[in-house]
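[1] With the sequence up front, the predicted model follows.
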Amino acid sequence: MDDNLKKDNLKSILIVESIEDEVKQFIDVVQSNCDAIITSFTSSIEAVLWLQTNYADVVILEEQLQPMGVIETTEFIKNELHQNIPVFISTRQNPAPEDKNLLQKPFTYDSLQKLCRVNIECKTEASNYSLQYLKEVSDGNMDFVISSIEIFQTSVTEQITKLESASENKDYKQIGEIAHHIKPSFEMLLNHEAAAICNKLIYKPDPEQVSSQIEELKGIFGKIKKELETDFSQNNM
């Protein structure tokens, strides 16, 4: 594996593509090399609405973006949302070397090397969760944070039980729907590993790996719960 595109180079990616197969191809290439959280939408309106309450380290917009075009969407992110996020444009044209913000489709390992020059910093923490996002969106309101954590614990416990049942029944459609439902919960606590597993269950469930992936997800959730219980009891939050 080339050192340019490796684990922890990328953190959170927002991609807007109208063709589902291109999104799947992008996810396959990136997650074969990086533990990145990837959020996808088919329209620019959905993307900017999501960015109003979420954050991405990199944004990728398809060249024929609708209904807001690339320039309008980029300016909205910068001027209205006040987010200085690197924006790349995906295109089927062959970009010139000086076109540093263009990514050629179909997405390949080589065509995505430009993403790595963004130089995103990803901190490695011993903890399996972070409250950074919750504190940011609530302006440090700990009542909101605690309420969100309680909902997280209850909801994900129920959904993982449903995942196990769906796995036993080999219902891969339901597995994808459940994983899509709980993925934001892990993103909320900035656990990229769990969110990446959810992506695999959503977009490319492998019958031979689904069971072990669900067990891995269950294990990560167990670690998060244990850490939360310890941290709350020690008043470290």
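    Ah, there it is.
[2] List the contacts of stretch 86-97.
    When contacts are defined by Cβ atoms under 8 Å, 6 or more residues apart in numbering, stretch 86-97 is touched by residues 15, 17, 22, 57-63, 70, 74, 77, 101-105, 107, 114-115, 118. Every C-beta, even on glycine, is put in place using the N, C-alpha and C of the backbone.
[3] nope, stretch 142-155 is what I was after
    131, 134-135, 138, 182, 185, 188-189, 225, 228, 232, 237.
[4] Please apply the same query to stretch 175-183.
    Contacts of stretch 175-183 (Cβ under 8 Å, 6+ apart): 155-156, 159-160, 162-163, 166-167, 195, 197-199, 201-203, 205, 210, 214.
[5] Buried residues of stretch 18-34, list them for me.
    Judged by neighbour count (16 or more other Cβ atoms under 10 Å), stretch 18-34 contains these buried residues: 22-27, 29-31, 33-34.
[6] re earlier: if any of the contacts of stretch 86-97 are buried, give me the ChimeraX selection for them.
    Applied in ChimeraX, the following selects the buried portion of these according to 16+ other Cβ under 10 Å:
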select :15,17,22,57,58,59,60,61,62,70,74,77,102,103,104,105,107,114,115
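[7] Out of the contacts of stretch 86-97, name the ones that lie in strands.
    Filtering those for membership in strands, criterion DSSP state E, returns 15, 58-62, 102-104.
[8] Could you list the low-pLDDT ranges of this protein?
    1-10, 35, 97-98, 116-126, 233-237 (pLDDT under 70).
[9] let's see it at 80
    By pLDDT under 80, the weakly predicted segments of the chain are 1-11, 31-36, 53-55, 81-82, 95-100, 113-127, 132, 135, 139-140, 231-237.
[10] Separate out the buried members of the contacts of stretch 175-183.
    156, 159-160, 163, 166-167, 195, 197-199, 201-203, 205, 210, 214.
[11] Count the neighbours of K170 for me.
    K170 has 11 neighbouring residues, counting by other Cβ atoms under 10 Å.
[12] mind checking the SS state of it?
    What DSSP: H, G, I helix; E, B strand; the rest coil gives for K170 is coil.
[13] So it sits against E208, correct?
    No: look at K170 against E208 with Cβ atoms under 8 Å: they stay out of range, at 11.5 Å.
[14] hang on, the earlier thing: can you tell me which of the ones in strands among the contacts of stretch 86-97 is nearest S40?
    I15 (5.0 Å; Cβ to Cβ).
[15] In contact with that closest one, which residues are there?
    23, 26, 38-41, 59-60, 90.
[16] Any idea what the residue nearest the centre of the chain is bridged to?
    Of all residues in the chain, the one closest to the mean position by Cα atoms, centre = their mean is I37, 2.4 Å from it. Using DSSP bridges, the bridge partners assigned to I37 are S12.
[17] Relative to the whole chain's centre, how far out is the helix or strand where Q153 lies?
    Using DSSP states H and E, Q153 sits within helix 142-168. From the chain centre to the centre of helix 142-168 is a distance of 18 Å (Cα atoms, centre = their mean, to the nearest Å).
[18] what does stretch 104-120 give?
    Taking Cα atoms, centre = their mean, the mean C-alpha location of stretch 104-120 is offset from the chain mean by 17 Å.
[19] So what touches that stretch?
    The contact list for stretch 104-120 (Cβ under 8 Å, 6+ apart) reads 2, 4-5, 9-11, 13, 22, 25-26, 29-30, 33, 57-58, 86, 88, 90-95, 100-103.
[20] let's see 7 Å
    With contact meaning Cβ atoms under 7 Å, 6 or more residues apart in numbering, stretch 104-120 is reached by 4-5, 9-11, 22, 25-26, 29-30, 57-58, 86, 88, 90-92, 94-95, 100, 103.
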